[in-house]
Structure formats: C-alpha cells, structure tokens
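Visitor: 3D model of this:
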Amino acid sequence: MRLTPTERDRLLLRSAAELARARRARGLRLNVPEATALIADTVCEAARDGKRLAEAIEEARGVLGPDDVLPGVADVVTEVHVEAVFDDGSRLAVVSSPVRGAVPLGDDAPGAVVPGPGVPQPEPAVHLHVRNTAAVPVSVTSHFHFFEANPRLDFDRAAAYGMRLCVPAGSSVRFDPHGEGDVGLVPIGGDRIAIGFAGLVDGPLDAPGARQEALRRAAACGYLGATPAGDGRPGTTDRPEGTTA
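Guide: Sure, this is the predicted structure:
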C-alpha cells in the first residue's frame, strides 16, 4: 500500500498516541512527546468523528490534567499545533494551554524552560496581501510553505513559491473568516526541500520545472491565486527557476 508523507505522519502520530494511552492506563505519567501526541491525536479523531474545529480543540484541552503528566511537562507543552481533516477541509488546530488546570512552575523551578535573548528577524523579501474567503479562521505556522497554504486563502501563489512567513519560529498568523491582511515572506532556507504540506511539491523547491509543476497542480486543485506560469493570465510570468517576485 502506497502512503503519502502526510498519511505516514498521521499513522506515526496515531501509534505514539496509542502508546501514550497504554502507559497512562498503567498509571504512568506522560512525558512531553507522549502528551503532545495524545493531544494532537485527540484533535484528529474528533475531526474524523465530524466535529467542528472549535469542538475538536475543546475536546483536546480536556484529555490531560496535571496528574496525567510528569512535572514540568505542562510548562513545555503550552501549545500544540496539528493539521486535521475536517468535513469542510484541512484545518490547522492550535490547542493553547492543553493541560487543563496546570499551574506554571516559574523560571526558577527545576527543568524550567527559560527564554534566551531574542534573535533579530530578517527583513521580508516579499510582501503579499492575503484574503480569507472561508467562513472559518485559517492559521498558517511560521515554517509552512506559504505557497501551499489553505486553498481558500486568496493571494499571489506564484510570488509565495519557496517562501515562508517572516515571523518567529513556532508562531503563526491567523486570518479571520472573510478577513484580509498583509504578510511578509522570506525564502525557505537549508536544503530547500518541501516534503508533505499539501503535496504540491514533495521534493526540491529549486529543481528544474518544480515551480511550474507546483503551480499547475495548485491550479488544478482549485487553489485561489494559482495560475500556471506563463498561461497569459494576469499575475503570471515566466520567472527563472529559483527566483521569487
């Protein structure tokens, strides 16, 4: 059976969550990976049951209490992000304060996570105007390939190819229902390989023909703001591979 990277990730998450459930049933308190997996899997299963985004998040917030996790876990797991497939499409669920009733330990507690000095953010290479045409909020995390963000977001996809949000790592930008706003983007660094996300690239971003093929796939799948490069319609150009607007 051939599975996509997203499907493999979902199975891995499910396996980790089942391990966490089994250990909790034996009376063990969960560590950070176990707690995170159980919370994220709860969201995915609620979505599979037909519940709405807000209901899935609320259900995930009630799955663990302070007595279910090891000391300090609640101070580390302060927010869980997971993309789940709901009846109206894929949505990013952000579960804040996921361990119900947890009391913060403070910066001087053993094992506490103390933030280091801030790292200066780079200047955006691209500024885009984004409009959310959906009737539900849409959030995009810092290192998500913005080109592949929710198809109901309307913006210049060609200009966003190979880019991510210019925001601190781990943070996100939320677009309210039928709302709009401007975002800054920077090029994805490292080896520039996009695996998973919405499956529009699944490989090196700068490979010959990768950009044109990703635009073709996006247009075929109904992503707003996506038109195949060079088709003559407004907003499309034949830019060289590896360049951005």
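Visitor: count the neighbours of Leu205 for me.
Guide: The tally of other residues near Leu205 (other CB atoms under 10 Å) stands at 21. Bear in mind the C-beta positions are built from the backbone N, C-alpha and C, glycine included.
Visitor: which strands and helices sit next to the helix or strand harbouring Arg23?
Guide: In this structure, Arg23 sits in helix 5-25 according to DSSP states H and E. If contacts are counted by 3 or more CB pairs under 8 Å, 6 or more residues apart in numbering; DSSP states H and E, helix 5-25 sits against helix 32-48.
Visitor: hmm, back to that, and the contacts of the helix holding Arg23?
Guide: Contacts to helix 5-25, defined as CB atoms under 8 Å, 6 or more residues apart in numbering, come from residues 3, 30, 33-35, 37-38, 40-42, 44, 68, 82, 195-196, 199, 202.
Visitor: mind checking the pLDDT average for that helix?
Guide: Confidence over helix 5-25, taken as the mean pLDDT, stands at 93.
Visitor: and the angle for that helix with helix 32-48?
Guide: 110 degrees (axes from the mean of the first three to the mean of the last three CA atoms, to 10 degrees).
Visitor: quick one, helices of the protein?
Guide: 5-25, 32-48, 53-61, 73-76, 157-160, 210-220 (DSSP state H).
Visitor: how distant is the fourth one from the center of its chain?
Guide: Average the C-alpha atoms of helix 73-76, do the same for its chain, and the two points are 21 Å apart (CA atoms, centre = their mean, to the nearest Å).
Visitor: keeping just the C-alphas, turn it into PDB.
Guide: Extracted in PDB, the C-alpha atoms of helix 73-76 (Å, rounded to 0.1, in the frame of the first residue of the first chain):
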ATOM      1  CA  VAL A  73       5.600  18.900  31.100                       C
ATOM      2  CA  ALA A  74       2.800  21.500  31.300                       C
ATOM      3  CA  ASP A  75       5.400  24.200  31.200                       C
ATOM      4  CA  VAL A  76       6.900  22.800  28.000                       C
END
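Visitor: what packs against it?
Guide: In terms of contacts (3+ CB pairs under 8 Å, 6+ apart), helix 73-76 is packed against helix 32-48.
Visitor: what's the helix it packs on packed up against?
Guide: helix 5-25, helix 53-61, helix 73-76, strand 79-86, strand 89-96.
Visitor: among the ones you listed, which is nearest Ala214?
Guide: Across the helices and strands packed on helix 32-48, Ala214 has its closest neighbour in helix 5-25 (15.3 Å, CB to CB).
Visitor: how about that closest one as PDB, C-alpha atoms only?
Guide: Only the C-alpha atoms of helix 5-25 are listed here, as PDB (Å, rounded to 0.1, in the frame of the first residue of the first chain):
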ATOM      1  CA  PRO A   5       4.100  11.600   3.500                       C
ATOM      2  CA  THR A   6       1.100  13.200   5.300                       C
ATOM      3  CA  GLU A   7      -0.600   9.800   5.700                       C
ATOM      4  CA  ARG A   8       2.600   8.300   7.100                       C
ATOM      5  CA  ASP A   9       2.900  11.100   9.600                       C
ATOM      6  CA  ARG A  10      -0.700  10.600  10.700                       C
ATOM      7  CA  LEU A  11       0.000   6.900  11.300                       C
ATOM      8  CA  LEU A  12       3.100   7.700  13.300                       C
ATOM      9  CA  LEU A  13       1.100  10.200  15.400                       C
ATOM     10  CA  ARG A  14      -1.600   7.600  16.000                       C
ATOM     11  CA  SER A  15       1.000   5.000  17.100                       C
ATOM     12  CA  ALA A  16       2.600   7.400  19.500                       C
ATOM     13  CA  ALA A  17      -0.800   8.400  20.900                       C
ATOM     14  CA  GLU A  18      -1.800   4.800  21.400                       C
ATOM     15  CA  LEU A  19       1.500   4.200  23.300                       C
ATOM     16  CA  ALA A  20       0.700   7.200  25.500                       C
ATOM     17  CA  ARG A  21      -2.800   5.900  26.200                       C
ATOM     18  CA  ALA A  22      -1.400   2.500  27.200                       C
ATOM     19  CA  ARG A  23       1.100   4.000  29.500                       C
ATOM     20  CA  ARG A  24      -1.400   6.200  31.100                       C
ATOM     21  CA  ALA A  25      -3.700   3.200  31.600                       C
END
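Visitor: thank you, goodbye.
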